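> no FASTA, just this:
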Ligand code: NDP
């Protein structure tokens, strides 16, 4: 039996030892999910809606427990982890309305009537990363369940605890046994078995672009459709005509939230040259003001990195001779702590190109709007970004010109469950969330009914 130690990243203590499943367990899980899906899809739409609302209520009743689990497994600050558990509830509640709204169409044709049905795909495989274990899973399982499917979630090895608990809560809330299962295991074992299993009809993968490419290749072998939510290297563009105080005060939270382990992190700040000195003057105290420390404390804004291995990766981007402009603080002692770090490297430096996925941001300057857009788009990624300007026309011109799926003006907001989320270019394929998400878990069936002449 293969096991993994689950480690608290703030203390380095082992909090749990977990058995990792193998490919045979995936076969069994798919068989159970297939039976459960038949029961689920046969329920009346209003009944499925009611059970999803019950699941949302059960999550709400366990919000504190789920948040505490995420604090100890992932090192997320308690305020953030509480929000994440509440977000899972909200996503379930939002998609609980979908079973009764999954309408087809009636299309005018000659000789009869033509109607379409949104049929459930069957069993959906979901592979999640370690950075937001609960929320990213919910973005897939909630709309997939609402559309009448069963869901098998393979969580990241380092952070399986909240998803294991959510699957238990689903059963206690009255979802059919086996409808939502969590399968802890290695990506190249359990993840790969899910992608290639003939009983799995679609795969939703969130993670790195490198692994996403591999997932797409494997899925292609059986023409299994995929949704991919991959990496990012998003720009925070600060124009001279912006509210510079607000832009500087909020910039740390656009990149250092979740210790920078966020696919939407605005990890490249682009500042118009004429206001660069003033921006940096304002930005320095804002970075120093980020409260980094014990994730159990309500006042903490940033916790540790998720693991020793990830700490080593992030650290490799900030060697002793790195062009550090300034840094925030971080605790010493046990835990994978890394201070918020601001770099001013050459444009060709790998810190400007690579997704570091830690609390490290680069600052570059630009002369005018055209150069800002060119720099923002000079990346294989296209997930997110922010534009700071008081000029409405400029805001609209630049948002239309930046090739990214989720942009915000005078804010760093990226994710609302009611709006679509996903990436351009190598940041992914498909969209999650928003009103259309359940349709991504259906097949359109077209039916023509001949009507005989009288
Ligand atoms: P990885 O790509 O390493 O892993 C993601 C998941 O895929 C894990 O569950 C992993 O399992 C699994 N996996 C690994 N290898 C395979 C394989 N051969 N077949 C199937 N599954 C596999 O990403 P990280 O967990 O390191 O997450 C960080 C990355 O995710 C960052 O690049 C980030 O940008 C991206 N991300 C993107 C988001 C988006 O919405 N666009 C959101 C969040 C993160 P195991 O744990 O066993 O390795």
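The structure has been received and is ready for your questions. Everything numeric in this text was worked out from a predicted model, so none of it was measured.
> Please enumerate the strands of the stretch 201-350 of the chain.
Residue ranges of the strands in the stretch 201-350 of the chain, as given by DSSP state E, counting those that start in this stretch, are 202-206, 226-229, 235-238, 268-272, 324-327, 341-343.
> Mean neighbour count and distance to the ligand for those strands - can I get that in a markdown table?
Every residue, glycine included, has its C-beta placed from N, CA and C. Output for those, formatted as a markdown table (neighbours: other C-beta atoms under 10 Å; distance: least, C-beta to the nearest ligand atom, whole Å):
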| stretch | mean neighbour count | distance to the ligand |
| --- | --- | --- |
| strand 202-206 | 26 | 5 |
| strand 226-229 | 23 | 3 |
| strand 235-238 | 28 | 15 |
| strand 268-272 | 24 | 14 |
| strand 324-327 | 16 | 23 |
| strand 341-343 | 23 | 18 |
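> Same list (these) but as CSV, adding mean pLDDT.
As requested, the strands of the stretch 201-350 of the chain are exported to CSV (pLDDT from 0 to 100):
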stretch, mean pLDDT
strand 202-206, 98
strand 226-229, 98
strand 235-238, 98
strand 268-272, 98
strand 324-327, 98
strand 341-343, 98
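> With distance to residue 300 added, can I get those in CSV?
Below are the strands of the stretch 201-350 of the chain laid out as CSV (distance: least, C-beta to C-beta, whole Å):
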stretch, distance to residue 300
strand 202-206, 25
strand 226-229, 27
strand 235-238, 23
strand 268-272, 24
strand 324-327, 18
strand 341-343, 18
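> shouldn't residue 197 be in contact with residue 28?
No - between residue 197 and residue 28 there is no contact under C-beta atoms under 8 Å: 11.2 Å.
> which SS state does the residue nearest the centre of the chain fall under?
Nearest to the geometric centre of the chain sits residue 136, at 4.4 Å (C-alpha atoms, centre = their mean). Put simply, residue 136 is helix when judged by DSSP: H, G, I helix; E, B strand; the rest coil.
> Residue 179: how many residues sit nearby?
24 (other C-beta atoms under 10 Å).
> Name the nearest residue to it, sequence neighbours excluded.
Once flanking residues are discounted, residue 179 sits nearest to residue 36: 4.1 Å by C-beta to C-beta, 6 or more residues apart in numbering.
> swap in residue 295?
Spatially, and ignoring its direct neighbours in sequence, residue 295 is nearest to residue 303 (3.8 Å; C-beta to C-beta, 6+ apart).
> Quick check: that neighbour vs residue 15, distance?
For residue 303, the distance to residue 15 equals 15 Å [C-beta to C-beta, to the nearest Å].
> Between those two, which is the more surrounded one?
With neighbours defined as other C-beta under 10 Å, residue 303 and residue 15 compare such that residue 303 has more, 30 against 13.
> which parts of the stretch 151-300 of the chain sit against the ligand?
Proximity of the stretch 151-300 of the chain to the ligand, by C-beta under 6 Å from any ligand atom, involves residues 154, 156-157, 186-188, 191-192, 195, 206-208, 211, 214-215, 229-232, 263.
> go again using 5 Å as the cut-off
156-157, 186-188, 191-192, 206-208, 211, 214, 229, 231, 263 (C-beta under 5 Å from any ligand atom).
> most surrounded residue in those?
residue 263 (29 neighbours).
> and the residue of the stretch 51-200 of the chain found nearest the ligand, what is it in contact with?
Nearest residue of the stretch 51-200 of the chain to the ligand (C-beta to the nearest ligand atom) works out as residue 187 at 2.2 Å. Applying C-beta atoms under 8 Å, 6 or more residues apart in numbering, we find residue 187 in contact with 127, 154, 156, 157, 211.
> pLDDT score assigned to it?
With respect to pLDDT, residue 187 scores 98.
> What's the separation between it and residue 14?
Separation of residue 187 from residue 14 (C-beta to C-beta): 21 Å.
> now swap in residue 72 and tell me
Distance from residue 72 to residue 14, counting by C-beta to C-beta: 11 Å.
> Tell me which of residue 197 and residue 28 has more neighbours.
residue 197 (20 against 13).
> who touches the more buried one in this structure?
26, 27, 30, 125.
> what do you get for residue 221?
The contact partners of residue 221, by C-beta under 8 Å, 6+ apart, come to residue 196.
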